[in-house]
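In: Structure, please.
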Amino acid sequence: MADFVGAIDQGTTSTRFMIFDHGGNEVGRHQLEHEQILPQAGWVEHNPIEIWERTVAVARTAMGKLNLGATDLAALGITNQRETTVVWDRRTGRPYYNAIVWQDTRTDRIASALDRDGRGDVIRQKAGLPPATYFSGGKIQWILENVDGVREAAERGDAIFGNTDSWLLWNLTGGVDGGKHVTDVTNASRTMLMNLETLQWDDELLSFFGIPRAMLPEIRPSSDASGYGVCRVAGPLGGEVPITGDLGDQQAATVGQVCFSVGEAKNTYGTGNFMLLNTGTELVRSSNGLLTTVAYQLGDAAPVYALEGSIAVTGSAVQWLRDQLRIIGNAAESESLAAQVEDSGGVYFVPAFSGLFAPYWRSDARGAIVGLSRYNTNAHIARATLESICYQSRDVVEAMREDSGVTLDVLKVDGGVTANNLCMQLQADVLGVPVSRPVVAETTALGAAYAAGLAVGFWKDTNELRANWNESQRWTPNWDADRREAGYGRWKKAVERTLGWVDVD
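Out: Model (predicted):
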């Protein structure tokens, strides 16, 4: 058998290709960023062609660095930024419009209308999601209504939809020459269009958005030996590598963190933060602003569900310090700058750039920095930015406890921000529980590799994956309870200041 499994990790700001061995160790990678297109306030787009070209480039480069060919990979998995919506022509392979990114808020009127007339309650019951700009359904509707010719093409069966996993899978498996139009249950569960109980597209939900069923990909398990086809691109992946895993990025991180038991949770720190709590084969519906989603489905086994808290702006708030305020030169400097002060000096930063996601779901919110005085410096703002990541995560932990009754003993963490030791210490302080980072911090790509490898027998079962998990570092709380609760109380006051800032019809 081949010695490695490959993973495509198509994220919000970059695409990477990673290669793992049987022990779950990274043996190679290459990564390229892509352009963030911001046509107007609240709009965020990507160029799907650029994403496809960079996917091919990172795979070829990573394989080339190790002098590997297709026969060296047992399987290939894909993980992706969820909800980011691509509509393209199946005859030509050309997108009708840029990909509309999950952060984009242009569909706020669509989401608000769904809640006003009761359709929102149906979406919550069937799809496990609140009507929000976050999810794919409204983005598809916007393209159908605003891009010339797409409605007619969709009704002819020429215009098809996918999150970025489907876009890549279609291109990898042949594109206009027989490419497979497929997705998995985790990505489908992020659209507002899939019934969580049947794991199929729901005609009533489709009717709410006016979406022809023919636009939609076939839904497959996350780990699937036969459903995704083989790579047909020229180069080291061509012709022989089976694609056997597909998960949305946060579900992939859940698998990579081996959260296979009910009550286990992970938090991924990337552009945004995404915390998932495994609820097993039981659908737990939230009454506290969380999402009910599919965590994963391995082959013919029953799907495993999760509660999720999705936070729109965390790591990207650090990017904002770098790119807009220019008070740091790179992300790592946020730690050294924030470490110059012992606390935030009374400053609280709520980075509601795209409204607030879980547990608030307020598209009328906008970012605010409060508590400023002449005393405060850029170091206080940097520290308040790191604290905002941690306080938003506490909001989600509190909601999960209310919904599930689970009190965390430890929080498993992963993603780029976990390299910031000060931020992880603050997270332990704000939560009052230990924070644990694994040796392989890029668990999103690892989870996609695990799903792919399980499907072909590269790993025999999830127990073998558990044996691969090793802790790299643990942070324990330093704050006492009084400081913790006082800080959280002021954070909640700061959140209140952001609400109702823009009018949503």
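In: The nearest residue to T476 once chain neighbours are set aside: what's it in contact with?
Out: Spatial nearest neighbour of T476, excluding adjacent residues (Cβ to Cβ, 6 or more residues apart in numbering): P434 at 5.1 Å. Every C-beta, even on glycine, is put in place using the N, C-alpha and C of the backbone. With contact set as Cβ atoms under 8 Å, 6 or more residues apart in numbering, P434 has these partners: 409-411, 428, 474-477.
In: of all the residues you listed, which comes closest to G162?
Out: Looking at these and their distance to G162, the nearest is L411, at 32.4 Å (Cβ to Cβ).
In: Spit out the contact partners of that closest one.
Out: By Cβ under 8 Å, 6+ apart, the residues touching L411 are 265-267, 397, 427, 431, 433-436.
In: What's the local residue count around the nearest residue to it once chain neighbours are set aside?
Out: Leaving aside its sequence neighbours, L411 sits nearest to V435 (Cβ to Cβ, 6+ apart; 5.2 Å). V435 has 27 neighbouring residues, counting by other Cβ atoms under 10 Å.
In: tell me the secondary structure for S207?
Out: State at S207, reduced to three classes by DSSP: H, G, I helix; E, B strand; the rest coil: helix.
In: typo on my end, G309
Out: G309 ends up strand, using three-state DSSP.
In: out of the contacts of L411, which are buried?
Out: Neighbour-count burial (16 or more other Cβ atoms under 10 Å) applied to the contacts of L411 gives 265-267, 397, 427, 431, 433, 435-436.
In: Just the ones of these in helices?
Out: Of the buried ones among the contacts of L411, the ones assigned to helices by DSSP state H are 397, 427, 431.
In: Can you list phi and psi of R82 for me?
Out: Backbone torsions for R82, taken as degrees, to the nearest 10, come to phi -80, psi 160.
In: Now for it, how many residues are close by?
Out: R82: 27 surrounding residues under other Cβ under 10 Å.
In: and what of R109?
Out: 14.
In: With L73 as the reference, measure out to it.
Out: Note on R109: its distance to L73, by Cβ to Cβ, to the nearest Å, is 46 Å.
In: again with A154
Out: 36 Å.
In: which of the two has more neighbours?
Out: L73 (26 against 23).
In: Dihedrals phi and psi, that one?
Out: L73 adopts backbone torsions of phi -110, psi 120, taken as degrees, to the nearest 10.
In: wait, isn't it in contact with F17?
Out: No: L73 is beyond contact range of F17, at 10.8 Å (criterion: Cβ atoms under 8 Å).
In: who touches the residue nearest to L411 in this structure?
Out: Counting by Cβ under 8 Å, 6+ apart, V435 makes contact with 410-411, 413, 424, 427-428, 474-475.
In: which one of the buried ones among the contacts of L411 sits closest to N146?
Out: Closest to N146, out of all of the buried ones among the contacts of L411 and judged by Cβ to Cβ, is N267, at 35.7 Å.
In: re the thing from before, what is in contact with L73 and F17 at once?
Out: Residues touching both L73 and F17 (Cβ under 8 Å, 6+ apart): G6.
In: quick one on the thing from earlier: any idea how far the residue nearest to L411 lies from E197?
Out: Applying Cβ to Cβ, the value for V435 to E197 is 35 Å.
In: Now the two most distant members of the buried ones among the contacts of L411.
Out: The distance between the two most remote of the buried ones among the contacts of L411 (Cβ to Cβ) is 14.7 Å, for V397 and S436.
In: got the end-to-end distance for stretch 75-84?
Out: End-to-end distance of stretch 75-84 (Cα to Cα, to the nearest Å): 25 Å.
In: neighbours of N25, just the number please.
Out: The number of residues packed near N25 is 13, by other Cβ under 10 Å.
In: What distance do you get for it to E155?
Out: 49 Å.
In: coming back round to it: in strands, which of the contacts of L411 fall?
Out: Residues of the contacts of L411 located in strands (DSSP state E): 265-267, 435-436.
In: if we can go back for a sec, quick check, nearest of the contacts of V435 to T85?
Out: Proximity of the contacts of V435 to T85 (Cβ to Cβ) peaks at V413, which lies at 28.5 Å.
In: Isn't that closest one up against N273?
Out: No: applying Cβ under 8 Å, one finds V413 not in contact with N273, separated by 9.6 Å.
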